[in-house]
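A.B. asks: could you look at this predicted model? Sequence included:
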Amino acid sequence: MKKLLIIFIIASLISLLIYKATINNQKNLVVLGDSYCEGITMYGGKIKNFNNLLKDYFKNKDILKNYNDNYCKKNTSISDLKLLLDKNKTINKKSILNIINQADYITISLGNDELKRLSYITRNDINSKLNEYKEILNIIIKNSKAIVFVIGVDDSNNNILKEFNKRLNKLCQNKSYFFIQFNDNNRYIFDTILKNI
C-alpha cells in the first residue's frame, strides 16, 4: 500500500511539473497601432498581416494565453499612442502599461494612417514623428521585457517615407527590437523572423 501511495505522489508531482511547464510557455501578445495592425491596407482592403500570422502561429502551437488588441485602432497616430502611454490609459480595467508589462510579444504599427493623410511630408514631419516613436519605444523598454516587432510604414514611391523607415529601422536596432519592412509578402517575412525568436 505504501508503494502505491509513493507511486501516486511521484506521478502527481510529475503531472504538476508538466502542467507548470506548459503554463509557463503560454504567450501574451499585444498589438499597438493604427489600421494596419487591424489588417486594413491604406486602400481599405483586408490582409493577413504580421499580427495575424503571429497570433495564428501561437494558436496553432496552443501557446497563446492572451491576445490584446485594445490599443489597435484605425487612425491612431504616433502622438495618440504616446499620449496613451504617458497617461497610462485604462481600457477594460487594465492600464496600457500593465498590459505591456505582462506581454511576451508586442507588435507596433504606427504612421501608415497619419503619414499617408499628409499631402506633403517634410523632413521636419519625419523628425518629429521619429522623436515621438523613440519616446514610445523608451517607455516600452522601461515597462516590458517583451520581444518587440516594429512594422514600418508603406513607403511605396515616396523617398521621405523610405527615409522614415530607414531611420526607424536604425532606432529599432539600437533598442534590440525587430524592424519589419511594410510588405505585402508577410508570410516570407514572418517565416524569416520566426527563425530568430
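C.D. replies: Nice, thanks for sending it over.

A.B. asks: C-alpha only now, for contacts and for neighbours.
C.D. replies: Will do.

A.B. asks: export stretch 147-154 to CSV, keeping only CA atoms.
C.D. replies: Taking C-alpha atoms only, stretch 147-154 is exported to CSV below (Å, rounded to 0.1, in the frame of the first residue of the first chain):
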residue,chain,number,x,y,z
ILE,A,147,10.1,40.9,-27.7
VAL,A,148,9.0,43.8,-29.8
PHE,A,149,8.3,44.0,-33.5
VAL,A,150,8.0,47.5,-35.1
ILE,A,151,6.3,47.5,-38.5
GLY,A,152,7.5,50.2,-40.9
VAL,A,153,5.2,52.3,-43.0
ASP,A,154,4.2,51.7,-46.6
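
A.B. asks: check the offset of stretch 149-166 from the chain's centre.
C.D. replies: A distance of 18 Å separates the C-alpha centroid of stretch 149-166 from that of its chain, computed with CA atoms, centre = their mean, to the nearest Å.

A.B. asks: actually stretch 123-132, not the one I wrote
C.D. replies: Relative to its chain's centre, stretch 123-132 lies at 21 Å (CA atoms, centre = their mean).

A.B. asks: quick check: mean pLDDT of it?
C.D. replies: Along stretch 123-132, the predicted confidence averages to a pLDDT of 90.

A.B. asks: for the chain, which strand is longest?
C.D. replies: In the chain, assigned by DSSP state E, the strand with the most residues is strand 64-72.

A.B. asks: in that one, which residues are buried?
C.D. replies: Within strand 64-72, the residues that count as buried by 16 or more other CA atoms under 10 Å are Leu64, Asn66, Tyr67, Asp69, Tyr71, Cys72.

A.B. asks: which residues does the last one bridge with?
C.D. replies: So that's Cys72. Gly33 (DSSP bridges).

A.B. asks: for it, give its distance to Val31.
C.D. replies: 6 Å (CA to CA, to the nearest Å).

A.B. asks: shared neighbours of these two, which are they?
C.D. replies: Residues touching both Cys72 and Val31 by CA atoms under 8 Å, 6 or more residues apart in numbering: Cys37.
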